[in-house]
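[1] Here's my sequence, what's the structure:
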Amino acid sequence: MAYGHLELQRRSYPAEYEQARGLTDQLRGYNQGRLDCLKNVLATEADGFMDPEGDPELAQERIMLEPNFPNPFNGNTNIEYLLSATAHARLAVYDVRGREIKVLVDASQGPGVHSAAWDGTGRNSTPMASGVYFYRLTVGGETLMGRMILAR
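    Numbering: from 1, shown residues only. Model (predicted):
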């Protein structure tokens, strides 16, 4: 009877594996589609984004922040963002109390899609505890935020 139970698990494993693999492929395709969309938006205007009223002055300030992936994460997570023009970008991680944990990016960057990785550590490379953390992207006068979960 124990042998039959093991056979049952062995037979069901490929179906579960294929289902998980299919979900992984769908997610990978979804994220690639979002990245392609961001690249297409950037390519629509050589001078920057155009707002609905067609004012290129407002267009130069446009930024986009993607959700981190994976989320929740254990180890590393990636944060992607898009700049429409060359600008100084600052991307930092904060805890739930609002304390700055680590600065990931603090530099002038050109237009395009950029990515930063967070390894779940603080400034001194000390591992942070499991919990909710926030990341904030500031470009010019515009600020965008996201939430991520570190699960150790």
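
[2] least trustworthy helix or strand in the protein by mean pLDDT?
    One helix or strand of the chain scores below all others by mean pLDDT, DSSP states H and E: helix 56-59, with a mean of 47.

[3] immediately after it, which helix or strand?
    The helix or strand immediately downstream of helix 56-59 is strand 63-65, counting by DSSP states H and E.

[4] That next one - contacts with which helices or strands?
    strand 77-83, strand 131-139, strand 142-150 (3 or more CB pairs under 8 Å, 6 or more residues apart in numbering; DSSP states H and E). Using the backbone N, CA and C atoms, a C-beta is placed for each residue, glycine as well.

[5] Could you pull up the mean pLDDT of the last one?
    Averaged across strand 142-150, the pLDDT comes to 94.

[6] now the angle from that strand to strand 131-139?
    Counting by axes from the mean of the first three to the mean of the last three CA atoms, to 10 degrees, strand 142-150 lies at 160 degrees to strand 131-139.

[7] and the angle from strand 142-150 to strand 77-83?
    170 degrees.

[8] what does strand 142-150 contact?
    Contacts of strand 142-150 with the rest of the structure, by CB atoms under 8 Å, 6 or more residues apart in numbering, involve 61, 63-65, 67-68, 71-74, 77, 79, 81, 118, 120, 128-137.

[9] where are the low-confidence patches of this structure?
    The chain contains residues with pLDDT under 70 at 1-61.

[10] Please point out which parts of stretch 76-94 sit buried.
    By neighbour count with 16 or more other CB atoms under 10 Å, stretch 76-94 contains the buried residues 77, 79-85, 87, 89, 91-93.
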